[in-house]
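Asks: Here is the input, now give the coordinates:
(one chain, ligands or ions: 1)
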Amino acid sequence: MPTKAFLTEDEMPRQWYNLAADLPSPMQPPLGPDGNPVSPDMLAPVFPMNLIEQEVSRERWIDIPEGILELLWRWRPSPLHRAYALEKALGTPARIYYKNESVSPPGSHKPNTAVAQAWYNKEFGIQNIVTETGAGQWGSALAFACSLLGLHCKVYMVRISFDQKPFRKIMMQTWGATCIASPSNQTHAGRDILAKEPDTPGSLGIAISEAVEEAVSDKSGKTRYALGSVLNHVMLHQTIIGLEAKKQLQKMGEKKVNVIIGCAGGGSNFAGLSFPFVNDKINGADIDIIPVEPFSCPTMTKGPFIYDHGDTAKMTPLLPMHSLGHDFIPPPIHAGGLRYHGMAPLVSQGIIEGLLTPRAIHQLECFAAAVQFARTEGIICAPETSHAIAAVIQEAKKAKEEGKEKVILFNMSGHGLMDMMGYESYFAGKLFDYELPEHEMGDALKAIENLPKPKIAKTGKW
Ligand SMILES: Cc1ncc(COP(=O)(O)O)c(C=O)c1O
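Replies: Reported below is the predicted structural model:
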């Protein structure tokens, strides 16, 4: 019985899949501060036009340029594993598979879009890219991609992760990038927050404000901003994961998948694995597709579907998404990459269309799942990924109770070898579960009370 399925470089997909072409209701546009739709030109100071074209594209399939394929071949296609040891430990009749995105040089799925974004920026004549990072995975992925393409890279890293994960900073430095803690004194957005809350742990929303401010302030036109999740073009680049997984499941002899699971911070690794299967679901397949988030940052399970800014300083357009409010600063849990107030518009719309069923899980259950995975499958996963594994274990136990031979597929979005302090705190009993009090959520949602409201599908059509 094979344990892994590989693809050759020739078998790797040559096109990305764009879910926006197939959603039952059309995507609603981003809005400017005046409440009117944002035109592609208005995004031009922030992103290169070739990526803006992808952002607004409704084409189902988009060709992957040869130059990007050559960069992806450094670690792709990634293997698909069958988790025999975990299945045995759980005594489940379910067959559990995982796509191993931890094999990329920075250790996660993030380089799939980092190399694509860096390549398109270079094609457009850009020399400097500025970004933010939560856990440090995205920052190190972009640093890696920029080093392959000879671009300068600057990363604003959320303060709490900057302190908890010093080695991520050194990785970025090794690939030639500059990494500073956010909020910083280098931008208006950072200084404003520090004046109000000098001891803030920071948040992705604040770090995004700093990075966008720096990109649009460079009048030479040679600097742009890059985002590691949330946006449509990022989801698109990640679909290579699910497209490869489909071919690999066939090689493993599977004809049908019952459950697809990924953790979701901004939504990109989940979208990357699941969107090609969401297409099957739209066409009638019976699949449970589950994005998983922390209980302490319950964007999809408790946040309303609204128009909100992607960042704290309101520099980004308003996006139609599930959100806890752009002022929301999540508690400092160890899965830094899942501490984001919003969710990708494509994932958010998939939820309100009833195609996706989000789930929230507490931190301690996630670390327990990560330890069980390490002691069975051997891989020490990232704290973000542990949320997917905890949900897989829940589903495998359910299959056992029901006596059903389900096929469960999940995204092993990254390794946790730079996150050992989280594991140390867990073993020392210093981690706690944290459920967001209703009043705290209410306070953050007040900030968005008066923003325009997206339409909600009643019949599958807007
Ligand atoms: C390993 C890993 N998985 C998942 C995530 C969450 O991001 P996204 O939802 O965009 O996949 C992160 C974010 O930093 C990450 O580092």
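Asks: Quick check: chain neighbours aside, which residue is closest to the residue in the stretch 51-200 of the chain positioned nearest to the ligand?
Replies: Closest contact between the stretch 51-200 of the chain and the ligand, by CB to the nearest ligand atom, is at Gln137 (3.1 Å). To be clear about C-beta, it is placed using only N, CA and C from the backbone, and glycine gets the same treatment. The shortest distance from Gln137 to any non-neighbouring residue, by CB to CB, 6 or more residues apart in numbering, is to Ser108 (4.4 Å).
Asks: Look at the one you found and report its pLDDT.
Replies: The per-residue pLDDT reported for Ser108 equals 98.
Asks: Would you check that the residue of the stretch 51-200 of the chain closest to the ligand makes contact with Asn112?
Replies: No: taking CB atoms under 8 Å as the definition, Gln137 is not a contact partner of Asn112, at 11.8 Å.
Asks: Which one of the two is surrounded by more residues?
Replies: More crowded of Gln137 and Asn112, by other CB atoms under 10 Å: Gln137, with 33 against 29.
Asks: For that one, grab phi and psi.
Replies: phi -70, psi -50 (degrees, to the nearest 10).
Asks: got the contact list for it?
Replies: 106-108, 110, 168, 228, 337, 382, 384, 414 (CB atoms under 8 Å, 6 or more residues apart in numbering).
Asks: now do 10 Å
Replies: Gln137 is in contact with 104, 106-111, 114, 161, 165, 168, 171, 228, 265, 269, 336-337, 382, 384, 413-415, 418-419, counting by CB atoms under 10 Å, 6 or more residues apart in numbering.
Asks: Could you tell me which of these belong to helices?
Replies: 111, 114, 161, 168, 171, 269, 384 (DSSP state H).
Asks: near the ligand, from the residues you listed?
Replies: Intersecting the ones in helices among the contacts of Gln137 with the contacts of the ligand gives 269, 384 (criterion: CB under 6 Å from any ligand atom).
Asks: Using pLDDT, spot the least trustworthy of the ones in helices among the contacts of Gln137.
Replies: Ser161 (86).
Asks: Quick check: closest non-adjacent residue to the residue in the stretch 251-400 of the chain that the ligand sits nearest to.
Replies: Residue nearest to the ligand within the stretch 251-400 of the chain (CB to the nearest ligand atom): Gly337, separated by 2.3 Å. Once flanking residues are discounted, Gly337 sits nearest to Ala135: 3.9 Å by CB to CB, 6+ apart.
Asks: Over to Asp327?
Replies: In space, Asp327 comes closest to Ala447 once its chain neighbours are excluded; the distance is 4.5 Å by CB to CB, 6+ apart.
Asks: Enumerate every residue touching that neighbour.
Replies: Ala447 touches 308-309, 312, 314, 323, 325-328, counting by CB under 10 Å, 6+ apart.
Asks: Quick check on those residues: which are buried?
Replies: 308-309, 312, 314, 323, 325-328 (16 or more other CB atoms under 10 Å).
Asks: Rebuild these as JSON lines, extending it with secondary structure and distance to Pro93.
Replies: Formatted as JSON lines, those follow (DSSP: H, G, I helix; E, B strand; the rest coil; distance: CB to CB, whole Å):
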{"residue": "Asp308", "secondary structure": "strand", "distance to Pro93": "42"}
{"residue": "His309", "secondary structure": "strand", "distance to Pro93": "46"}
{"residue": "Thr312", "secondary structure": "coil", "distance to Pro93": "47"}
{"residue": "Lys314", "secondary structure": "coil", "distance to Pro93": "50"}
{"residue": "Ser323", "secondary structure": "strand", "distance to Pro93": "39"}
{"residue": "Gly325", "secondary structure": "coil", "distance to Pro93": "43"}
{"residue": "His326", "secondary structure": "coil", "distance to Pro93": "45"}
{"residue": "Asp327", "secondary structure": "coil", "distance to Pro93": "46"}
{"residue": "Phe328", "secondary structure": "coil", "distance to Pro93": "41"}
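Asks: Pull out whichever of those are also neighbours of the ligand.
Replies: Within those, nothing lies near the ligand by CB under 6 Å from any ligand atom.
Asks: between those, which is nearest Gln349?
Replies: Among those, Ser323 lies closest to Gln349 (CB to CB), at 13.3 Å.
Asks: Looks like that closest one contacts Gly342 (just checking).
Replies: Yes: counting by CB atoms under 10 Å, Gly342 is a contact partner of Ser323 at 4.5 Å.
Asks: So which elements touch the strand or helix carrying His439?
Replies: Using DSSP states H and E, His439 maps to helix 438-446. The contact analysis (3 or more CB pairs under 10 Å, 6 or more residues apart in numbering; DSSP states H and E) places helix 438-446 against helix 299-302.
Asks: Please look at Asp288 and Val278 and confirm they touch.
Replies: No: contact criterion CB under 10 Å: Asp288 and Val278 do not qualify, at 11.6 Å.
Asks: higher neighbour count, the two?
Replies: Between Asp288 and Val278, Val278 has the larger neighbour count (other CB under 10 Å), namely 25 against 15.
Asks: ok, back up a step: can you redo the ones in helices among the contacts of Gln137 as JSON lines with neighbour count?
Replies: Shown next, in JSON lines, are these (neighbours: other CB atoms under 10 Å):
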{"residue": "Pro111", "neighbour count": "28"}
{"residue": "Ala114", "neighbour count": "32"}
{"residue": "Ser161", "neighbour count": "29"}
{"residue": "Arg168", "neighbour count": "27"}
{"residue": "Met171", "neighbour count": "22"}
{"residue": "Asn269", "neighbour count": "33"}
{"residue": "Glu384", "neighbour count": "30"}
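Asks: and stretch 255-264, is it in reach of the ligand?
Replies: Yes: with CB under 6 Å from any ligand atom as the criterion, the ligand is reached by stretch 255-264 at 263-264.
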